[in-house]
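Asks: what follows is a predicted structure for the sequence shown.
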Amino acid sequence: MDPQERAEAEAVVVLGADPAALTALLADLTSPANEARSRAEHQFHALRGSHPDALALSLAQLLLSPAHPSAPIAAVLLRRLIAPSSQSFVYPALSPASQSSLRALLLSAASSPALHRSVSKKLSDTVAELASYLLPSNAWPDLLTFLYKSIASPASPPTLLESALNILARLASHLAAGFPNLHTLLLTALSHPSSADVRVAGLNAAISIIQSLPSAADRDQFQDLLPAMMRALAESLNCGNEGSAQEALEMMIELAGAEPRFLRRQLPDVVASMLQIAEASGLEDGTRHLAVEFVVTLAEARDRAPGMMRKLPRYVGRLFAVLMTMLLDVHDEPAWHAAMPEEEDAGETGSYVFAQECLDRLAIAVGGNTILPVAAELLPSFFSSEEWKRRHAALMTIAQIAEGSAKVMIKNLEQVVGMVLNSFQDPHPRVRWAAINAIGQLSTDLGPEVQNQLHHVVLPALASAMDDFQNPRAHAAAATLNFSENCRPDILRPYLDVIVGKLLSLLQTGNQMVQEAALTALASAADSSQEHFQKYYDVVMPYLKAILMNSTDKSNRMLRAKSMECISLVGMAVGKEKFKDDAKQVMEVLMALQGSQMEADDPITSYMLQSAQLKPDVSVTSAGPEDENAESDDEGVETITLGDKRIGIRTSLLEEKATACNMLCCYAEELSEGFFPWIDQVTTTLVPLLKFYFHEEVRKAAVSAKLAIEKNQAHGRGTSFLKQLSDYIVPALVEAMHKEPEPQICTIILESLNKSIQFPGQAAPDGIVQDQSGAFGSCIQPALEEKGRSLKNGRGERSRCSSSAGGRQGGGGETGRWRREGHGRGRPRCSSSTGGRQGGGGETGGRGRPRCSSSTGGRQGGGGETGRWRREGRRREAALLELHRRETGRWRRKAVLLELHCRLRRRLLLRCSADFFARSSLLPTPELLRGRRVRRRRSNLDSRAALYGGIDCVGELFEESHVRSIVEGIKEVIVASTNRRIERTERAKAEDYDSEEEELVREENEQEDEILDQVGDCLGTLVKTFKTHFLPFFDELSMYLTPMLGKDKTAEEKRIAICIFDDVAEHCREAAVRYYDAYFPFLLEACTNENPDVRQAAVYGIGICAEFGGSAFRSHTGESLSQLYNVIKHPNALDLENAMAYDNAVSALGKICHFHRDSIDASQVIPAWLSCLPIKNDLIEAKLVHEQLCVMLEKSETELLGQNNQYLPKIVSVFAEFDALSRRAMFEKKACKLDC
């Protein structure tokens, strides 16, 4: 018998009338013996391919015998065969007769009164999966009849009723609209007299129905179900059925996150009930945690119910007290005192960790004005307690609420910090540790105010704490790291002698955790103090090299990696001349390591390219019938179950990947043209990471980096190579731009895209396809220069560099040279100095935004799922994103160390000889792209290291398709931004909207302004580059831009739209005249806008139109003069905030005088213009006005000189003042260069 015949014979046996063979096959599928299981899987897959009808019907037949031992796995396997989301989906391939029989068998099995609950749930899932495929085409009418009879019949057994309700819940979106008597049936189920399981199933169905309804009015019809829903929960608890109660709580959490406004009318009662559960010490921790999670989720539901929980301060206080009580669940384990890395969490319980996470989330959600008064009532009694746990809890509370309360806490900075510093002398070491931890966190969350105002008390206290030879000393070093991250060199310098001495003492201890903390703190101190650290170099470097070279044991791998990090940052601080000899020795060690067989988890690999190439360790496995909710035993793996698949991802590799990507940014920055040999390999590694949704940091790095070299450094690669880069990078950036879910990252993408399309060389005269001399050029230094300037300005300030005069600059050279920065203030960008808070609630300091740990059985992330309540219907991609949010949002309990040490790695690359690095084999040998294209890597959001520089080249690099894709992407970005603004406007109409929510909305709208600002920069660059060839695209964009000029739009939206038109008018000149009728009225109107930046943009545009508009401008002359006069003669025109608008108005007036003399009364207007000179704030405009004055003077114009040369003294005075102004500007420019 040949194999095919044998397989057919086996199929006949397995799928025959006797179920024994099929039962044996199903048993083997769950066998622990690999060989038997593998053989059974192969046979099952073969049957699925050759006999799908018989296999599906045979499995369904087993379900008719609910007591059969194979019924559970039969239900799971059948679901895989008929679930549309499964790779094993075979239902469409079945014959019509088999499909009909299968549907009938499923309903018959579901109707069985003897159905066990475990089988019932799996069968309900199977029915729901098939129904989700059939109901859209109304292909299973019998199902609706079955469900209605099962739910409505008083005779239905509880098991059948529960099963029907579960199916209804899964199909709510399909059935809610047409299901008869739905409200009555749900109310009856919620009040079932005998079965808590039925009541919970009714709760599940009610919540699913409510969420599926399209309008608030529809949902309000079910408002009276809420008391019954709460009773169902209470009855489960009262009868001791906490398992059912936890299921109910999980579903209530889902409702709170999705439809919080549904709860508003009965919010006090609902929240009070939940807090009563949370306060009940006799309940399981998991139950109490879920009740807390419900209230915290409500507080976080800002987008749907802004400010709702802030209206219940009494309940916020009760929740705060519950969380502080949970913080007492910590034990003084002897292992903790050993200060070993593996024991640093000893004594911490699930409740303790959960409480910390929730305190942080609660403070961020409700804000400092709500949370700090509550804390002020409770903290004093905790601080004064004789019980160490209460003092410890008070300090941990301060650390956890600092981020969310920062704005308010800073107003009482001395009091808060003083309260913490008093605990540095506490008799209990865990309390001292908590005090140090709090100082470290405050240094991050309240920096740089803490550093600037209280360095004289904080740094001496931390230095003294390093002498604490119990556990806290390692944490003192870590807190020093936090403090120095936001500290200016001049503040840190007086304390360096003591700090460096203490840290060197810690390096000589035999405790590895202490040594690691000391190394990281030393690295940060060097990085923060820069050249001031040269004094300590000769003493420090021998210690560091000894650790690097001698830490060869596996147990010391992290110590070795940290020593490498510290050496690098010390080298960067002192400069290459001081460091170059030691650098060679360090490089030799690294190259030896590169050539050795290092283990995959060796921390030193973070400094190598391999880590960036690490594929995420993602496993997709089949979920067995009994372990669908099982979690991995490996703490480094997160799992989630979707349908018949379990997805797991090793999150530790994600951190390594993020670190390595940031390291590559450092290499590109520091090596400059020396990095060029690795462009090919690094680019092909990093470009795909634009879509790396497992980890936000990796994605950010892919957005911001640049992979070419500086201008004229192409090393012979030529145009074809750069064309290849262009084809690879631009489409990837554009795709990432309109798919990016985070506005903050979208801003960085737009900024990088703008730099990647800049053409410092000649313009494109012959069309869109022309020479490109911009993109793919230098490494990362523009953003690093910006970072350096922000550090020079005070390490905590967020600023965008502007010229010393606050004049024109940026993206398009002369394009929008003036207007991007307003009048010199420089509107802050979304970057922040190292260690600072980020907009939108990103990770901060060493903690990040905490979410519930899985130990509680509660939710994780901003809506993650755990255990029983995971919904299998979500797409796999969404689940992976959820896993990412869950992990990256998780609170790092190494509170002040881990994230900061990652930040230090980003600045690792030493400022040494580029030639030396280029000769080294630290990076692998490059390979050519071979047809693959290049993308950019992005840098960290904090440093915003992501700009593109220039390579001059000749040839066709930038194609029309690139421009088309950019324009289409920008359209989508504008629409998305507009929609988000509309959503916030709707939120502002909510009855719970308050001042704190208004502040949060304002910050979110500022982020939208950043996005549109970058849109303006990108379009300005394209206009400057392609000039009139871009006008067909501008015609398409006008319908998106003119609405931004509406009366209901913000000043920033108007400014950006006007700036874009200004660029078109300036660079397209006569060809732009056709847009005057559409845009010029907006310019005139904007001249009276109360925002000086809008006025500046408007008057600048009037000047450009006057210069290039020719006869088309003549009809606008009178109105223009009137509006310019209003700007110039405004009583406060010369105030600092109005000065740039004034200068540009004067410049525009001069252009009218020069180009349209015949249309004005020159004898009146020109003297008025002369009386305004010289302008002193916008130096670029001042130079242009000066040149214009010279031209007019050469013509000896009567109107300018006046009768009998009466205006000549004024002209001489203007020239003298301008000369002095020019000299001052040159001096300031030189000083700025030296400073930078």
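Replies: Arrived safely, thanks for sending.

Asks: ok, Val417 to Phe424 distance?
Replies: Val417 is 11 Å from Phe424, where distance means Cβ to Cβ, to the nearest Å. To be clear about C-beta, it is placed using only N, CA and C from the backbone, and glycine gets the same treatment.

Asks: do the same with Ile547
Replies: For Ile547 relative to Phe424 (Cβ to Cβ), the value is 29 Å.

Asks: the more surrounded of these two?
Replies: Using other Cβ atoms under 10 Å, the more surrounded residue of Ile547 and Phe424 is Ile547, with 21 against 18.

Asks: confidence score at the more buried one?
Replies: For Ile547, the model assigns a pLDDT of 84.

Asks: element containing it, please.
Replies: Using DSSP states H and E, the element containing Ile547 is helix 534-550.

Asks: list the contacts of that helix.
Replies: Contacts with helix 534-550, where a contact means Cβ atoms under 8 Å, 6 or more residues apart in numbering, come from 496, 500, 504, 507-508, 515, 519, 522, 526, 559-560, 563-564, 566-567, 570, 573-575, 578-579, 582, 585-586, 589.

Asks: give the buried residues for that helix.
Replies: Within helix 534-550, the residues that count as buried by 16 or more other Cβ atoms under 10 Å are 534, 536-537, 540-541, 543-545, 547-548.

Asks: which strands or helices does the following helix or strand past it pack on?
Replies: Sequence order places helix 557-574 as the next helix or strand after helix 534-550, per DSSP H and E. If you count contacts as 3 or more Cβ pairs under 8 Å, 6 or more residues apart in numbering; DSSP states H and E, helix 557-574 packs onto helix 512-529, helix 534-550, helix 576-595, helix 898-906.

Asks: quick one: buried residues of the host helix or strand of Ala24?
Replies: When elements are assigned from DSSP H and E, Ala24 belongs to helix 20-29. Going by neighbour count (16+ other Cβ under 10 Å), the buried part of helix 20-29 is 21-23, 25-26, 28-29.

Asks: what's the answer for stretch 1159-1177, then?
Replies: 1159-1160, 1162, 1165-1170, 1172-1177.

Asks: likewise stretch 36-53?
Replies: Under the neighbour-count criterion of 16+ other Cβ under 10 Å, stretch 36-53 has 40, 43-44, 47-48, 51-53 buried.

Asks: what about that stretch, average pLDDT?
Replies: On average, stretch 36-53 scores 92.

Asks: ok now that stretch, how far from the chain's centre?
Replies: Stretch 36-53 sits 44 Å away from the centroid of its parent chain (Cα atoms, centre = their mean, to the nearest Å).

Asks: which elements pack onto the longest helix seen in the chain?
Replies: Secondary structure of the chain per DSSP state H: the longest helix is helix 995-1026. Applying 3+ Cβ pairs under 8 Å, 6+ apart, one finds that helix 995-1026 makes contact with helix 368-383, helix 743-756, helix 960-987, helix 1031-1041, helix 1051-1068.

Asks: for Glu8, which of these is the nearest?
Replies: Closest to Glu8 of those is helix 960-987 (Cβ to Cβ; 54.1 Å).

Asks: narrow the contacts of helix 534-550 to those that are buried.
Replies: 496, 500, 507, 515, 519, 522, 526, 559-560, 563-564, 566-567, 570, 573-575, 578-579, 582, 586, 589.

Asks: let me see the confidence value for the residue nearest to Asp994 when sequence neighbours are not counted.
Replies: Using Cβ to Cβ, 6 or more residues apart in numbering and skipping residues adjacent in sequence, the residue nearest Asp994 is Gly307, 4.1 Å away. Gly307 carries a pLDDT value of 73.

Asks: any chance of the buried residues of helix 20-29 in CSV, plus pLDDT and distance to Thr1088?
Replies: Below are those laid out as CSV (pLDDT from 0 to 100; distance: Cβ to Cβ, whole Å):
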residue, pLDDT, distance to Thr1088
Ala21, 91, 88
Leu22, 91, 83
Thr23, 91, 85
Leu25, 91, 82
Leu26, 91, 80
Asp28, 91, 83
Leu29, 91, 77
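
Asks: so which of those residues is the closest to Ser100?
Replies: Top of the list for closeness to Ser100, among these and by Cβ to Cβ, is Leu22 at 21.7 Å.

Asks: so how far is Ala97 from that closest one?
Replies: Using Cβ to Cβ, we find Leu22 at a distance of 21 Å from Ala97.

Asks: same thing with Ser756?
Replies: 60 Å.

Asks: quick revisit: let me have the buried residues of stretch 36-53 in a markdown table, extended by distance to Gly257 and secondary structure.
Replies: Formatted as a markdown table, those follow (distance: Cβ to Cβ, whole Å; DSSP: H, G, I helix; E, B strand; the rest coil):
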| residue | distance to Gly257 | secondary structure |
| --- | --- | --- |
| Ala40 | 41 | helix |
| Gln43 | 44 | helix |
| Phe44 | 39 | helix |
| Leu47 | 42 | helix |
| Arg48 | 38 | helix |
| His51 | 45 | coil |
| Pro52 | 40 | helix |
| Asp53 | 42 | helix |
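
Asks: Ser756 and Ala97: who's more crowded?
Replies: Each of Ser756 and Ala97 has its neighbours counted (other Cβ under 10 Å); Ser756 has more, 29 against 10.

Asks: how deep is Asp1219 tucked in, by neighbour count?
Replies: Residues contacting Asp1219 under the criterion other Cβ under 10 Å number 12.

Asks: average pLDDT for the helix or strand that contains it?
Replies: Using DSSP H and E, Asp1219 sits in helix 1208-1235. The pLDDT scores in helix 1208-1235 average 68.

Asks: just stretch 1031-1039 next, same as before
Replies: According to the model, stretch 1031-1039 has a mean pLDDT of 94.

Asks: mind listing what's buried in it?
Replies: Using 16+ other Cβ under 10 Å as the test for burial, stretch 1031-1039 gives 1031, 1033-1034, 1037-1038.

Asks: and if you look at stretch 217-224?
Replies: Under 16+ other Cβ under 10 Å, the buried positions of stretch 217-224 are 219, 222.

Asks: endpoint to endpoint, that stretch covers what distance?
Replies: Stretch 217-224 has an end-to-end distance of 13 Å (Cα to Cα, to the nearest Å).

Asks: one more: stretch 66-85?
Replies: Terminal residues of stretch 66-85 lie 26 Å apart, using Cα to Cα.

Asks: list phi and psi for Val330.
Replies: The phi/psi pair for Val330 (degrees, to the nearest 10) reads phi -130, psi 140.

Asks: look at it and report its pLDDT.
Replies: 94.

Asks: that one and Gly347 touch, don't they?
Replies: Yes - using Cβ atoms under 8 Å, Val330 is in contact with Gly347, at 5.4 Å.

Asks: got a list of what Asn166 touches?
Replies: 120-121, 124-125, 128, 201, 204-205.

Asks: and it, how far is that from Val198?
Replies: Asn166 is 10 Å from Val198, by Cβ to Cβ.

Asks: also Gly317?
Replies: Taking Cβ to Cβ as the measure, Gly317 falls 37 Å from Val198.

Asks: looking at those two, which has the bigger crowd around it?
Replies: Val198 (28 against 17).

Asks: number of nearby residues for Leu175?
Replies: 23.

Asks: how about low-confidence regions in the stretch 651-800 of the chain?
Replies: Scanning the stretch 651-800 of the chain with the threshold set as pLDDT under 70 gives 651-726, 728, 758-800.
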